[in-house]
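J.: What follows is a predicted structure for the sequence shown.
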Amino acid sequence: MAQDDEIDPKTVDLAKLIACETYDVPSYNTVAFWLAGTEGADARKHFGLTEVKSPNFMLKQYRLARPIEVFGRTTSLIAFNSSGPMAVLDEADPHPLAKQLKIEPAIDVPAKFMGERVIAEKTESADGLTTQTRITLNVSTVTTHPGKTLAGCSYKIEVL
């Protein structure tokens, strides 16, 4: 997606956004701000999202009106963390999905799995300011979601 174009969040495909396909950080930010902003009800209606209570205060969780397919799996539950969307999958073992997505674990102990694969990374300097853009595909488990694997994309821009 062209970085300089105005992004219409209504054109964003949630499954592709979750899978790190097609979109960039500005695209994700446009969707995130639409969901969190004053037009959040319109955004939820457009995407068919109903907020559900999350057992994890770091995840905002939504049930989808229609399931989506992502990573070759179907889900009706997605979550957003501070940097991106994730599919909440009914899989207790994250290893098959991590292997499929070529993700090496950073943490792999019985109570926790977490791994990522860098999709895009660049550092830019302009006007005395240096920023790092980083998009990663992530697979993890979290104790608040037993029997589930969370998988999705992280879209970050950081000022260095």
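T.: Alright, I've got the coordinates.
J.: Lys99: helix or strand, and which one exactly?
T.: For Lys99, the enclosing helix or strand under DSSP states H and E is helix 95-100.
J.: Just give me how far that helix sits from the chain centre.
T.: 17 Å (Cα atoms, centre = their mean, to the nearest Å).
J.: Now it: buried residues?
T.: Burial within helix 95-100, assessed by neighbour count using 16 or more other Cβ atoms under 10 Å, is assigned to Leu97, Ala98. Placement of C-beta: from N, CA and C, glycine included.
J.: could you point out which element follows it?
T.: Using DSSP H and E, the first helix or strand after helix 95-100 is strand 104-109.
J.: in that next one, what counts as buried?
T.: Within strand 104-109, the residues scored as buried using 16+ other Cβ under 10 Å are Pro105.
J.: Can you tell me the strand partners of it and which way each runs?
T.: strand 112-126 (antiparallel) (DSSP bridges).
J.: contacting residues around the partner strand?
T.: By Cβ atoms under 8 Å, 6 or more residues apart in numbering, the surrounding residues in contact with strand 112-126 are 20, 24, 94-95, 98, 101-108, 130-143, 149, 153-154, 160.
J.: From the chain's centroid, how far away is it?
T.: The answer for strand 112-126 is 13 Å, by Cα atoms, centre = their mean.
J.: What residues of the helix or strand just after that strand count as buried?
T.: Toward the C-terminal end, the helix or strand that comes next after strand 112-126 (DSSP H and E) is strand 129-140. By neighbour count with 16+ other Cβ under 10 Å, strand 129-140 contains the buried residues Thr133, Arg134, Ile135, Thr136, Leu137, Asn138, Val139, Ser140.
J.: Can you list the buried residues in whatever helix or strand comes next after strand 129-140?
T.: Using DSSP H and E, the helix or strand that follows strand 129-140 towards the C-terminus is strand 149-159. Buried residues in strand 149-159, counted by 16+ other Cβ under 10 Å: Thr149, Leu150, Ala151, Gly152, Cys153, Ser154, Tyr155, Ile157.
J.: List the strands paired with strand 149-159, with their directions.
T.: In the sheet, strand 149-159 lines up with strand 85-89 (antiparallel), strand 129-140 (antiparallel) (DSSP bridges).
J.: Can I get the first one as PDB, trimmed to CA atoms?
T.: Presented in PDB, the C-alpha positions along strand 85-89 are these (Å, rounded to 0.1, in the frame of the first residue of the first chain):
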ATOM      1  CA  PRO A  85      -4.200  -7.600  15.700                       C
ATOM      2  CA  MET A  86      -4.100 -11.300  16.500                       C
ATOM      3  CA  ALA A  87      -6.200 -14.200  15.700                       C
ATOM      4  CA  VAL A  88      -7.200 -16.200  18.800                       C
ATOM      5  CA  LEU A  89      -7.000 -19.800  17.600                       C
END
